[in-house]
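J.: 3D model of this:
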Amino acid sequence: MTYKKQTFSGTPPWIKGASPSPLDAGARAARQALYQGRLAFVYVLSLGLALLLWQGGTLLIAETPRRFLLPAPAEVATRLLKLLANGTLVRHTSVTLLEMSLGLLLGTVTAVLLGYALAHSHFLGRLLEPLVVVSQAVPIVALAPLLTVWFGPGLLSKVFVCALIVFFPILVNVVIGLRTIDPHLCDLFRLLEATRWQRLRQLEVPAALPAFLAGLRVGGTLAGMGAVVGEFVASSQGLGYLVKQGQNQYDLPLMFVAILTLMAIALAVYALLSGVERSVLRWRVQEGTVSKE
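T.: Down below sits the predicted model:
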């Protein structure tokens, strides 16, 4: 028996079924909009509850000697507006965002390349896996001073700290995504004499993409922590520097502004990567909808 060699293009061959009708797409969009509205309402409600608890805490200690330990929301908001007006917050935030972006890029590229190699080579996996695990057992706070000595107190050391934090969750997810591909699909591609590039583009990338994007979402959120840890060790700019400066001067409103800005950045990065994940994996939703019909 002979098999005719086929060329793959477009949609992965295991994704079959008719395209959803415009009516179904409209109903799905309406449900998505309703879900997003409810989610936004819950987020606003959660923020209001946090502000209420914060204000209540300041009132409880208002008449005690420790009242300076918890500034009121209005005081922090006033300091925030002042830092925005003179450009201080924007300048330090841009530095932290640059460190996060470069660290996320370096950690992601390294994790994807090494993860692909580990998933396809059992020998390499056994050789490097213990080293990767041990490297994550050392707290990043202990490694940051060493990286600062090696690469200096400038941008490079902060980028490496971010990359180290981002690297592990993405690496693990890439390896898991590649190692859990359906063996029947691998046999099918071998049977059809697919080239290595065709297998990568049509099988491995679509199969590992959900796990990779989930790891990227976690890594992107952790990148801010890496930047701040690096700025704690040695820096004259960045949000971590503002937190350190506020600590040294007992300037609690300044510390709150920097910490809240970091929280806002983390939420924005998480929301952005979640949106990218939903957009890129939309074909999985369509496939599930068609199969249910």
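
J.: C-alpha from now on. contacts and neighbour counts both.
T.: Noted.

J.: run through who's touching stretch 259-273.
T.: 93, 213, 216-218, 220-222, 224, 239, 243 (C-alpha atoms under 8 Å, 6 or more residues apart in numbering).

J.: buried residues in that stretch?
T.: 259, 261-262, 265-266, 269-270, 273 (16 or more other C-alpha atoms under 10 Å).

J.: which of the helices and strands in the protein ranks last by mean pLDDT?
T.: For the chain, counting by mean pLDDT, DSSP states H and E, helix 282-292 ranks last in confidence among helices and strands (a mean of 49).

J.: pLDDT below threshold where in the stretch 1-150 of the chain?
T.: 1-26, 29 (pLDDT under 70).

J.: can you pull out the helices in it?
T.: 22-60, 73-85, 88-120, 122-137, 140-151 (DSSP state H, counting those that start in this stretch).

J.: deepest-packed of those helices, please.
T.: Across the helices of the stretch 1-150 of the chain, averaging neighbours per residue (mean count of other C-alpha atoms under 10 Å) puts helix 88-120 on top, at a mean of 20.

J.: how far off centre is that one?
T.: The chain centre lies 10 Å from the centre of helix 88-120; the measure is C-alpha atoms, centre = their mean, to the nearest Å.

J.: report the angle between that helix and helix 73-85.
T.: Going by axes from the mean of the first three to the mean of the last three C-alpha atoms, to 10 degrees, helix 88-120 is angled at 90 degrees with respect to helix 73-85.

J.: show me what contacts residue 57?
T.: residue 70.

J.: now swap in residue 119 and tell me
T.: 125, 175-176, 178-179.

J.: repeat that for residue 207.
T.: 177-178, 181.

J.: for stretch 52-70, measure first residue to last.
T.: End-to-end distance of stretch 52-70 (C-alpha to C-alpha, to the nearest Å): 14 Å.

J.: residue 255 is in contact with residue 242, correct?
T.: Yes: the criterion here is C-alpha atoms under 8 Å, and residue 242 meets it with residue 255 at 6.7 Å.
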